[in-house]
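In: Fold the following and give me the result.
(2 chains)
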Amino acid sequence: MKPLHSSQKRSAIRTVIPADVDLTPIMSLFIILVPLLLVAAVFEQLAALKVHLPAASTIVEDDQPIKQATGIVELRLLITDKGLGVRATLSHDDSGKEMETYKDIQYEIPIKDDQYDVEKMQRILIDLKRQYPRHEDIVFIIDDIVAYDVIVQVMDACKEEIFLEAGQRKEKLLFPAIALSDAFSEAAGFEGLRKGTQEIDKKLGIQ
Amino acid sequence: MIHRSSTQNRRMKREQKWQISHTPVLLTPLVDMFVILLIFLLMSYSTGGQLMYMAKNILMPESISREQLEPSVEIAVATDRIYVDGQIIMEDLTALYKEKKLLIPDLYARLKEKSIKLKKMEEKVPLFRYSGKVTIQADRVIPYHLLKKILYTADRADFTNISLAVFQRD
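Out: Alright, predicted model coming up:
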């Protein structure tokens, strides 16, 4: 290559323009995007918890499929101001053999340091699930003064077990079919209530 | 005092002018900040899901549930108020705390109106089905007997598909 003359060198230097990237368009884009995303940002994700209510009537519908025996006739969970309780009526023993008479088992989990011992309750349920893997139903029997927060925590613990396996989060279903049961079918209260709705219906002009 | 020659003066002025016109605004850090902000906001951006009327002073419980909320009639229960779809139904709940009966008449009347309206819509609008869906957002401190009354009232007013709204916990 031929060496440049000093005058040529100078002109070459002069023609190099400092590469200033024009940031104005990208700034405009950001200024629009940031408020838009700020408005649409969700900082608290909401979720739903499905609730099943026990049937208000005692009439058994014919078209309901007959449930296969799971080994547990009924599983109940008690939440009181003193603590939690698990009650189960078993029709089969651990080995899956049908027992002659139903066996009732019960566990009490008292409040520890002003906290409901949900973990201990879950361990009991995990044990039960291991013995009777096909059972899914659980009925909650809750005292009137128990706070809503406690109910949700206990529902979570009953639904599934979350554990870490090889550093991965795994979920295993326990008893997901939760029924919030109470005195909905209380005979005396029920009739009185029906009358109550009839009066309101009449006011609203509904038959 | 030193007297500068006119040429010197002129040169100085020229240099000053040159300096002023070329002071660059450093946009790079600003752009960096925006990029970080944008990434953060994109991460917390959620597509889909359901917009919900959030009543004031209601702190819902946290749950591990991942089920999505669906559009439905909303009942909001604060410690002192009950709303249906954002409208106040009851303003003082002290009487309700003492009440033995499970049915809440004001709430029932409101919900029944809604369910009748929705059922009428089912007849008129094709592809619309009455699902009886209702979402309850309740404060975490309300006692079970209040929740029970609301569940019962909703059930009586033909809203049998009941969901509880909760905050997702990681």
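
In: Pairing partners for the longest strand seen in chain B, with directions?
Out: Ranked by residue count and defined by DSSP state E, the top strand of chain B is strand B:161-168. Here strand B:161-168 is paired, per DSSP bridges, with strand A:46-51 (antiparallel), strand B:62-63 (parallel), strand B:133-138 (parallel).

In: any idea of the mean pLDDT for that strand?
Out: Averaged over strand B:161-168, pLDDT sits at 88.

In: So for the residue nearest the centre of chain B, what's the pLDDT?
Out: Centroid-nearest residue in chain B: B:Met54, 4.9 Å away (criterion: C-alpha atoms, centre = their mean). Note on B:Met54: pLDDT of 73.

In: just for chain A, where's the confidence low?
Out: A:1-14, A:54-68, A:96, A:181-198, A:205-207 (pLDDT under 70).

In: At which residues are the strands of it located?
Out: Using DSSP E, strands in chain A cover A:46-51, A:72-79, A:83-92, A:98-110, A:137-142, A:160-165, A:168-173, A:177-181.

In: which stretches of chain B form helices?
Out: Under the criterion DSSP state H, chain B contains helices at B:6-21, B:28-43, B:94-98, B:105-124, B:144-156.

In: Would you point to the one among these that's packed deepest?
Out: Mean neighbours per residue, mean count of other C-beta atoms under 10 Å in any protein chain shown, is largest over the helices of chain B for helix B:144-156, with a mean of 22. C-beta coordinates here come from the backbone N, C-alpha and C atoms, glycine included.

In: returning to that earlier point: okay if I get the strands of chain A as a markdown table plus mean neighbour count?
Out: Formatted as a markdown table, these follow (neighbours: other C-beta atoms under 10 Å in any protein chain shown):
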| stretch | mean neighbour count |
| --- | --- |
| strand A:46-51 | 20 |
| strand A:72-79 | 19 |
| strand A:83-92 | 19 |
| strand A:98-110 | 12 |
| strand A:137-142 | 20 |
| strand A:160-165 | 12 |
| strand A:168-173 | 10 |
| strand A:177-181 | 18 |
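
In: would you list these in TSV and tack on distance to B:Lys120?
Out: Below are the strands of chain A laid out as TSV (distance: least, C-beta to C-beta, whole Å):
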stretch	distance to B:Lys120
strand A:46-51	26
strand A:72-79	40
strand A:83-92	45
strand A:98-110	49
strand A:137-142	35
strand A:160-165	40
strand A:168-173	39
strand A:177-181	30
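
In: nearest to A:Val150, of the ones you listed?
Out: Nearest of the strands of chain A to A:Val150, taken as C-beta to C-beta: strand A:72-79 at 6.5 Å.

In: any residues touching the closest one, and which ones?
Out: A:84-91, A:102, A:116, A:121, A:128, A:132, A:135, A:137-143, A:146, A:150-151, A:154, A:158, A:175, B:144 (C-beta atoms under 8 Å, 6 or more residues apart in numbering or on different chains).

In: picking up where we left off before, tell me the contacts of the residue lying closest to the residue nearest to the centre of chain B once chain neighbours are set aside?
Out: Leaving aside its sequence neighbours, B:Met54 sits nearest to B:Gln137 (C-beta to C-beta, 6 or more residues apart in numbering or on different chains; 7.7 Å). B:Gln137 makes contacts with B:52, B:54-55, B:58, B:60, B:74-77, B:164-165, as judged by C-beta under 8 Å, 6+ apart.

In: which one of the residues you listed sits closest to chain A?
Out: B:Leu164 (4.2 Å; C-beta to the nearest C-beta).

In: burial of the closest one, as a residue count?
Out: A total of 24 residues lie near B:Leu164 under the criterion other C-beta atoms under 10 Å in any protein chain shown.

In: Tell me what it is bridged to.
Out: A:Leu49, B:Ile136.

In: show me what contacts it?
Out: A:48-49, A:51, A:152, B:135-138.

In: biggest separation within the residues you listed, which pair?
Out: The most widely separated members of the contacts of B:Leu164 are A:Val152 and B:Thr135, with 14.2 Å between them, by C-beta to C-beta.

In: follow-up on the earlier one: in JSON lines, list the helices of chain B along with distance to B:Glu70 and mean pLDDT.
Out: Below are those laid out as JSON lines (distance: least, C-beta to C-beta, whole Å; pLDDT from 0 to 100):
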{"stretch": "helix B:6-21", "distance to B:Glu70": "61", "mean pLDDT": "61"}
{"stretch": "helix B:28-43", "distance to B:Glu70": "25", "mean pLDDT": "87"}
{"stretch": "helix B:94-98", "distance to B:Glu70": "28", "mean pLDDT": "81"}
{"stretch": "helix B:105-124", "distance to B:Glu70": "14", "mean pLDDT": "88"}
{"stretch": "helix B:144-156", "distance to B:Glu70": "15", "mean pLDDT": "87"}
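
In: out of those helices, which comes closest to A:Met27?
Out: That would be helix B:28-43 among these, by C-beta to C-beta, at 7.0 Å.

In: Please name every helix or strand in contact with the closest one.
Out: Contacts defined by 3 or more C-beta pairs under 8 Å, 6 or more residues apart in numbering or on different chains; DSSP states H and E place helix B:28-43 against helix A:24-40.

In: and the helix it packs on, which residues are buried?
Out: A:30, A:37 (16 or more other C-beta atoms under 10 Å in any protein chain shown).

In: That helix - contacts with which helices or strands?
Out: helix B:28-43.
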